[in-house]
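K.L.:
Let's see this in three dimensions:
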Amino acid sequence: MVIQFWCTVSGDEFVAASQEIAADPDFDTLRFIVVDFSGVKEHTIDEATLQDVAVIRIGSMATNPNVRIAMVTTDHGFAMLTQSANVDPFVGTHEVKVFATVALAREWLQQQPALVACRRVA
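P.N.:
Numbering: from 1, shown residues only. Below you'll find the model as predicted:
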């Protein structure tokens, strides 16, 4: 799945997009999500936004733990903020990597072995 943002992105929009992805009927079979921020000129995504996204990612791990997330951006500040998505409270959730282009993200994803973690059944 590829999701693309452009122009100005609010923290609320980013959280809403994360909720939509996790609620998608095909989420159980997803293997990757490419989040393309290459067209974003400014954003209001901050640590609080990422904590809201952490809640969604923790919940979606129960449904499908076999997803990798590739973030695409050339904004150094946003890349650093995104990399913080690999620390608490995200530890143990979907792997996130940052790339400068969608092509580099896709190349990395193609090189990754399939994840085969078991899903939790309620």
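K.L.:
Check which helices and strands the lengthiest helix in the chain sits against.
P.N.:
With residue count as the measure and DSSP state H as the assignment, the chain has helix 47-63 as its longest helix. With contacts defined as 3 or more Cβ pairs under 8 Å, 6 or more residues apart in numbering; DSSP states H and E, helix 47-63 has these neighbours: helix 11-23. No exception for glycine: its C-beta is placed from N, CA and C like everyone else's.
K.L.:
can you state the direction angle for whichever helix or strand comes after the helix it packs on and helix 47-63?
P.N.:
Scanning forward in sequence from helix 11-23, with DSSP states H and E defining helices and strands, the next element found is strand 32-43. Counting by axes from the mean of the first three to the mean of the last three Cα atoms, to 10 degrees, strand 32-43 lies at 170 degrees to helix 47-63.
K.L.:
what packs against the helix or strand of the chain with the lowest mean pLDDT?
P.N.:
Using mean pLDDT, DSSP states H and E, the weakest-scoring helix or strand in the chain turns out to be helix 76-83, at a mean of 80. Helices and strands in packing contact with helix 76-83 are listed as strand 32-43, strand 95-99; criterion 3+ Cβ pairs under 8 Å, 6+ apart.
K.L.:
Report the inter-axis angle for the helix or strand that comes right after the last one versus strand 95-99.
P.N.:
In the C-terminal direction, the helix or strand that comes right after strand 95-99 (DSSP H and E) is helix 102-111. Counting by the same axes, to 10 degrees, helix 102-111 lies at 140 degrees to strand 95-99.
K.L.:
Helix 102-111 packs against which elements?
P.N.:
When contacts are defined as 3+ Cβ pairs under 8 Å, 6+ apart, helix 102-111 sits against strand 32-43, strand 68-72, strand 95-99.
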